[in-house]
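1. I need the structure of the sequence given here:
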Amino acid sequence: MINELDLSSGMRVLEIGTGTGYNAAVLAYLLGAQNVISVEIDPEVAEEARKALAKIGYSPTVVTGDGEDGYMRCAPYDRIMVTAAAHTVPYAWVEQTRPGGMILVPWAPTVHPDAPLLRLTVRDDGTADGRFIAKAGFMPLRAQHLLPRVSHETEERWTKAGCPDYPRYGVTVTAEGQRVWLDSPANPVSGAVPRG
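-> Below is the predicted model of the structure:
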């Protein structure tokens with residue numbers, strides 16, 4: 001995922017989901033700790049990551065909070081990297097990313113059974129769009145767990161569509177919501193955003 005971020009010197013990155021702190025350490029090594037902010041929802045996990053990072057000499061900002069809110073205090077970001085699966089992109093992530101910036105998020109299996117990785121580019125008009133680029137299985141964001149039936153419904157919908165490869169799918173995010181599409185934004189996929 002870090003390779004997919006297409007990083008360059010001076011970029012500011014927000015990581016959603018600190019976990020052990022490994023990605024934050026790699027990002028701090030590449031960009032400098034002052035350019036890395038990581039949000040972790042679990043206070044104990046966040047504290048352990050802070051300790052692990054300090055032990056190896058890195059001090060990126062590790063925030064205890066809900067990653068779906070991003071972290072406005074240090075915005076805007078050039079890149080947001082999410083290390084938990086989502087089926088709905090919080091608009092806060094788009095708002096906190098510079099125009100031309102990228103959001104990289106593993107997608108829950110609501111569109112394609114392979115749970116692909118989505119790369120969004122934020123536009124000047126406050127929207128973001130992009131396509132799925134690779135396979136990426138991750139545990140879900142805490143508030144975006146899916147009912148077991150969703151996986152079955154996804155498989156059925158995907159098979160009915162002719163089993164298209166994941167790069168044919170894309171997502172457009174606006175302040176009003178998101179649209180998942182196949183081949184073109186003009187071809188929305190119905191049922192791709194779970195309702196419960």
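
2. list the buried residues of the longest strand along the chain.
-> The longest strand of the chain (DSSP state E) is strand 97-106. For strand 97-106, the neighbour count (16 or more other C-beta atoms under 10 Å) marks 97, 101-106 as buried. Every residue, glycine included, has its C-beta placed from N, CA and C.

3. tell me the one of those nearest residue 16?
-> Closest approach to residue 16 among these (C-beta to C-beta): residue 105, at 8.1 Å.

4. how about a markdown table for the buried residues of strand 97-106, with distance to residue 56 and pLDDT added?
-> As requested, the buried residues of strand 97-106 are arranged in a markdown table below (distance: C-beta to C-beta, whole Å; pLDDT from 0 to 100):
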| residue | distance to residue 56 | pLDDT |
| --- | --- | --- |
| 97 | 28 | 98 |
| 101 | 28 | 98 |
| 102 | 27 | 98 |
| 103 | 27 | 98 |
| 104 | 24 | 98 |
| 105 | 27 | 98 |
| 106 | 26 | 97 |
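
5. how about those, which pair is most distant?
-> Pairwise distances across these (C-beta to C-beta) peak at 18.1 Å, for the pair 101 and 106.

6. residue ranges in the protein under the pLDDT threshold?
-> 193-196 (pLDDT under 70).
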